[in-house]
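> After the sequence you'll find the predicted model.
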Amino acid sequence: MTDQTYPEGRYIVVGVDSSHGSRTALRWALGQARLTGATVEAVAAWRQPPTYEYSYGAIPYPSPGDSIAAVTEKVLTETVADVVGTGDQPVDVRIKVAHGPAAQILLEAAAGAELLVVGSRGHGAFAGMLLGSVSQHCIQHAPCPVIVIPDAEQSKIAS
């Protein structure tokens, strides 16, 4: 996907993966965009899995024929279509798939954005007990305000 230019920072970046929390964050970002007239940029990051050395050569995981970027883009497109389909007013949504660590990709996408929205997964060590490591990193380094949306499913389980 090519870089997009948005007038006067009128766009909201939202991190999307396959989690319930990111779907909740996407719904929130869409609602905010409806209120403000902003465009939503749904962003997904992917990384190359490790390669293992065996006596008969290097074996990447998954199979060499799989395109991680294509699978990531397909999942992102389907997730956005599913969540956008539940809204009552149309919102301009663009997707961006990039290679690299999720936090870094989100911070780069958020340069010039009016808002960065991420879900909270709560994975990680003590520092990540309340927030996931990606949301924690985004809060500390984002060039714009950050909204962390708690995962509604995890909140139900915890209570």
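Now that the structure is in, tell me what you want to look at. Numbering: from 1, shown residues only.
> Quick one: neighbours of the closest residue to Asp17 other than its chain neighbours, just the number.
Computed as CB to CB, 6 or more residues apart in numbering, the closest residue to Asp17 that is not its neighbour in sequence is Ala44, at 6.2 Å. To be clear about C-beta, it is placed using only N, CA and C from the backbone, and glycine gets the same treatment. Ala44 has 24 neighbours, counted by other CB atoms under 10 Å.
> so Ala44 touches Lys74, yeah?
No: Ala44 is not in contact with Lys74 according to CB atoms under 8 Å; the separation is 10.2 Å.
> tell me the strands in the chain, going along the chain?
11-15, 39-46, 51-54, 57-60, 93-99, 115-120, 146-150 (DSSP state E).
> what ranges do the helices span in the chain?
20-36, 68-84, 102-110, 133-141, 152-158 (DSSP state H).
> in the first one, what's buried?
Think helix 20-36. 21-30, 32-33 (16 or more other CB atoms under 10 Å).
> quick one: low-confidence parts of the chain?
1-9, 49-66, 86-88, 122-132, 152-159 (pLDDT under 70).
> 90 instead, please
1-9, 18-20, 47-71, 85-91, 120-133, 150-159 (pLDDT under 90).
> Can you redo the strands of the chain as JSON lines, where the extra columns are distance to Glu108?
Converted to JSON lines, these look like this (distance: least, CB to CB, whole Å):
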{"stretch": "strand 11-15", "distance to Glu108": "10"}
{"stretch": "strand 39-46", "distance to Glu108": "9"}
{"stretch": "strand 51-54", "distance to Glu108": "26"}
{"stretch": "strand 57-60", "distance to Glu108": "26"}
{"stretch": "strand 93-99", "distance to Glu108": "8"}
{"stretch": "strand 115-120", "distance to Glu108": "11"}
{"stretch": "strand 146-150", "distance to Glu108": "14"}
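> need the contact list for the closest residue to Ala111 other than its chain neighbours.
Nearest non-adjacent residue to Ala111, counting by CB to CB, 6+ apart: Pro143, 5.3 Å away. Going by CB atoms under 8 Å, 6 or more residues apart in numbering, Pro143 touches 107, 110-113.
> And Ala38, by the same measure?
10-12, 32, 114-115.
> I'd like to know which of these are buried.
11-12, 32, 114-115.
> ok, Val134 to Arg34 distance?
Distance, Val134 to Arg34, using CB to CB, to the nearest Å: 25 Å.
> nope, Val91 is what I was after
6 Å.
> Perfect, that will be all.
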